[in-house]
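> structure, please.
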Amino acid sequence: MQHRSNVENLAEKLTSLLGLSIPPIAITFSSDAPASIARFNAPMPPPTQDGRTGRVSAGCVFWIKAREYSFTTVPEDHGNCSVGSLTHGFKTFSQAVEGADVAALLESEWVALENLAEIPTVKGNPSFVTYGPLTETQADPDIVFLILNGKQIMTLHGAWPELRFEGKPQCHIIPITKETGDITVSVGCMLSRLRTGMSNNDITCAIPYGEVPNLIDRLGVAKCADLKVAEYASEDAKRFA
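Model (predicted):
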């Protein structure tokens with residue numbers, strides 16, 4: 001009960017300070033299946049000619065599903081997307097580049113082979129990844145995942161100026177944050193935006209769970225400063241009405 005109360009308090013403060021419309025999501029990597037959390041259950045479509053299939057089109061889709069309820073996944077659930085399987089530590093680089101999906105990305109010049117080879121990955125060959133609302137997590141997660149708009153990113157950066165900004169693929173902020181401890185923002189990628197249906201205005205952010213209390217303290221200070229500046233700017237603008 002103490003753990004649940006603590007995470008609910010953290011989730012409430014993050015939501016309030018950032019004005020979140022989408023609740024914080026917890027992401028946890030593990031070698032053992034978490035107790036009492038159901039496996040994600042959706043049918044596997046027929047495999048492609050190169051053998052790819054999964055329970056969703058890409059692992060980033062689980063971020064959207066996790067808004068509503070908690071579930072756990074295994075590597076094959078992510079298997080349709082070779083890039084996501086690479087970033088999450090389910091495939092090696094040599095395995096990932098065998099995929100027809102990666103061949104299509106290379107052919108389109110969306111990514112260069114040398115850049116793909118340098119993409120961060122989750123270490124340790126995890127057997128399970130659990131997703132769900134932060135308020136439902138049974139243990140300390142690895143990552144608190146947020147979907148933000150431009151103003152919320154502004155507030156976050158004001159509180160945490162050492163924020164790390166990244167580009168495509170969107171999912172590689174997960175291993176960056178897990179392995180380095182950096183709070184990492186992705187501007188998104190076309191592959192993920194199409195598959196998840198995310199708004200053009202949505203930006204994603206991965207936060208190490210251990211940094212959340214410190215971030216909340218700094219957000220409180222930054223938001224107070226922003227409110228004072230907004231009050232000043234609003235009053236000053238009256239001279240031009």
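> OK, contacts around the spatially most central residue of the chain?
Centrality entry for the chain: nearest residue to the mean C-alpha point is residue 145, 4.5 Å, by C-alpha atoms, centre = their mean. The neighbours of residue 145, taking C-beta atoms under 8 Å, 6 or more residues apart in numbering as the test, are 24, 25, 26, 27, 63, 66, 174, 204, 205, 206, 207. C-betas here are computed from N, CA, C, even on glycine.
> out of those, which one sits closest to residue 102?
The shortest separation between residue 102 and any of these is 18.2 Å, and it belongs to residue 174 (by C-beta to C-beta).
> what about the residue nearest to the centre of the chain, which SS state?
Taken by DSSP: H, G, I helix; E, B strand; the rest coil, the conformation at residue 145 corresponds to strand.
> within the helices and strands, which one has residue 105?
Secondary-structure element containing residue 105, defined by DSSP states H and E: helix 100-107.
> average pLDDT across the following helix or strand past that helix?
Following the chain from helix 100-107 toward its C-terminal end, the next helix or strand by DSSP H and E is helix 113-117. For helix 113-117, the mean pLDDT works out to 95.
> what's helix 113-117 in contact with?
Everything outside helix 113-117 that qualifies as a contact, by C-beta under 8 Å, 6+ apart, is 83, 86, 93, 96, 97, 102, 105, 106.
> and if you look at stretch 79-89?
Under the criterion C-beta under 8 Å, 6+ apart, residues 48, 52-54, 56-60, 75, 78, 90-93, 95-99, 101-102, 105, 116, 119-126, 129, 169, 171-172, 174-175, 191, 195 lie in contact with stretch 79-89.
> now the end-to-end length of it.
The first residue of stretch 79-89 is 12 Å away from its last residue (C-alpha to C-alpha, to the nearest Å).
> wait, what's in contact with residue 52?
Contacts here follow C-beta under 8 Å, 6+ apart; on that basis residue 52 touches 79, 80, 81, 82, 99, 100, 101.
> next, count neighbours for the first one.
Pointing back at residue 79 there. As a burial measure, the neighbour count of residue 79 was computed by other C-beta atoms under 10 Å and equals 23.
> now it, nearest residue through space, not along the chain?
Nearest-residue entry for residue 79: residue 54, 4.1 Å, with adjacent residues in sequence omitted and distances by C-beta to C-beta, 6 or more residues apart in numbering.
> could you list every residue that touches the one you found?
Taking C-beta under 8 Å, 6+ apart as the definition of contact, the neighbours of residue 54 are 44, 76, 77, 78, 79, 80, 81.
> which parts of this protein are strands?
In order along the chain, the chain carries the following strands (DSSP state E): 25-30, 71-73, 128-133, 143-148, 164-166, 184-186, 203-208.
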